[in-house]
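Trainee: Provide a 3D model corresponding to the input given below.
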Amino acid sequence: MINIIADDAVLSRLVSTLFFLSVFTTTAIFTQIAKNWTPFIQELYDIEKEFSKKYEGPVNLKIRINIATILIFSAALCEHIFSTVYYVYSFTCKNNVHGWEKYFKNEFNFIFSIFPYRFVYGVIILTFNWICWAVWNLGDTFIILLSLIMSTRFRQISSTLKIYMKEIDVTYLQQFDTKSKFKGICYPTLEKTFFRQIREDYNKMANICKVWDDLFSNLVIMSYAYNLSFILIQLFNSLRQMDTSIESIYFFYSFGFVIARTVAVSICAASVNQESQYFLPILNSVPSELYSTEVFKVKFVYVYTSINNTNTCRFISLDRTQFFPSNKRIGIKREYLHFY
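Mentor: Numbering: from 1, shown residues only. Down below sits the predicted model:
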């Protein structure tokens, strides 16, 4: 059974079938997303416009998004180039064909083994293959970039709250100083206005995350399903002997690329939940003199609002603690082991 699976022809057809199936599924999901994209992006734009005026952060979000996009597609382009070189030099064609015919028959063997070869057909299939390559990487890129936006905005709110709690004390509040380091906050009713602003902004982020979760949940579960499938295929691919250095380079790079992309999606998506959890420890440190109904409302909204990326049927919930367990959780598990 292992010998059959490890056969080059079987693996090539399996990878090609899974690749085009993932592209078709991604296209169908993006078509579904496009129907509700306008209200989502308009709401996100309004939040971005408001937060850019209200909060100041050391991180330029636009630069981070551009860097992440360039890194993802550059790594994917290198993987595709290695794949092309591998198919050109690692296989031999019948009748000693050369040039473009050799490349097309090696790269698209699953097509030209059924249909006759024509150069025009090869060019059309090559163009379609590059479009599929872009779509294949677009799904994970969307998840990563939107996760960066959401987590950064949560971090800005929590950082503002943390700075406020460190620098403002009761005696300073009683002086009603009109000089504030925070935009849009009036000191005569400082504690109420500030915590009301935090609560409203957190609630806006929670609502947009809920819309985002409902809109992109199918894309998240699809991303995990196909990435894990490609990882399993590459594990089976490692069972066979690699004859050339080109084949070894392509295997290790493509294997590492799929793993790295899966980890990046997991960490970035889980960072939204992680950043939203920083509010409660800060709110618990509010002194008695500052504690008010607005503080209670902020804690109430936080406790009863779950910020997670899931799929439609709620099979998974992305939380960074699932990937990196804390020392306390490890200690509890050790105690259970000792008990049993």
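Trainee: you'd agree Ile67 is in a strand?
Mentor: No. Under DSSP: H, G, I helix; E, B strand; the rest coil, Ile67 falls outside any strand and is assigned helix.
Trainee: What's the per-residue pLDDT of it here?
Mentor: At Ile67, the pLDDT value in this model is 92.
Trainee: Neighbours of it, how many?
Mentor: By other Cβ atoms under 10 Å, 12 other residues sit near Ile67. Backbone N, C-alpha and C define where each C-beta goes, glycine included.
Trainee: Please apply the same query to Phe154.
Mentor: If we define neighbours as other Cβ under 10 Å, then Phe154 has 25 of them.
Trainee: hang on, it packs against Gln277?
Mentor: No. With contact defined as Cβ atoms under 8 Å, Phe154 does not count as touching Gln277 (9.1 Å).
Trainee: anything in contact with each of the two?
Mentor: Counting by Cβ atoms under 8 Å, 6 or more residues apart in numbering, Phe154 and Gln277 have no contacts in common.
Trainee: what's the average pLDDT for stretch 83-98?
Mentor: 64.
Trainee: try stretch 198-215
Mentor: Here the average pLDDT along stretch 198-215 is 88.
Trainee: and it, how far from the chain's centre?
Mentor: 17 Å (Cα atoms, centre = their mean, to the nearest Å).
Trainee: Kindly export stretch 38-55 (C-alpha atoms) in CSV.
Mentor: Taking Å, rounded to 0.1, in the frame of the first residue of the first chain, the C-alpha atoms of stretch 38-55 are listed here in CSV:
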residue,chain,number,x,y,z
THR,A,38,-19.6,45.6,1.0
PRO,A,39,-21.4,46.1,4.4
PHE,A,40,-18.5,44.4,6.2
ILE,A,41,-15.7,46.4,4.6
GLN,A,42,-17.7,49.6,5.1
GLU,A,43,-18.1,48.9,8.8
LEU,A,44,-14.4,48.0,9.1
TYR,A,45,-13.5,51.2,7.2
ASP,A,46,-15.6,53.3,9.6
ILE,A,47,-13.9,51.7,12.6
GLU,A,48,-10.4,52.2,11.1
LYS,A,49,-11.2,55.8,10.3
GLU,A,50,-12.5,56.5,13.9
PHE,A,51,-9.6,54.6,15.6
SER,A,52,-6.9,56.3,13.6
LYS,A,53,-8.1,59.6,14.9
LYS,A,54,-8.7,58.4,18.5
TYR,A,55,-5.7,56.2,19.2
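Trainee: Any buried residues in that stretch, and which?
Mentor: Across stretch 38-55, burial judged by 16 or more other Cβ atoms under 10 Å covers 40, 44, 47, 51, 54-55.
Trainee: Go through those and say which is closest to Ala206.
Mentor: The nearest member of these to Ala206, counting by Cβ to Cβ, is Ile47 at 11.3 Å.
Trainee: That closest one falls within a helix, correct?
Mentor: Yes. When classified by three-state DSSP, Ile47 is found to be part of a helix.
Trainee: How about the contacts made by it?
Mentor: Ile47 sits in contact with 153, 204-205, 208, where contact means Cβ under 8 Å, 6+ apart.
Trainee: Please identify which helix or strand holds the residue nearest the centre of the chain.
Mentor: With distances taken as Cα atoms, centre = their mean, Ile144 lies nearest the centre of the chain, 2.8 Å away. According to DSSP states H and E, Ile144 maps onto helix 119-167.
Trainee: what packs against that helix?
Mentor: helix 8-35, helix 37-54, helix 61-89, helix 99-107, helix 109-112, helix 190-237, helix 245-276, helix 279-284 (3 or more Cβ pairs under 8 Å, 6 or more residues apart in numbering; DSSP states H and E).
Trainee: now that helix and helix 190-237, what's the angle there?
Mentor: 140 degrees (axes from the mean of the first three to the mean of the last three Cα atoms, to 10 degrees).
Trainee: gap between stretch 34-47 and the chain center?
Mentor: 19 Å.
Trainee: So for that stretch, mean pLDDT?
Mentor: 91.
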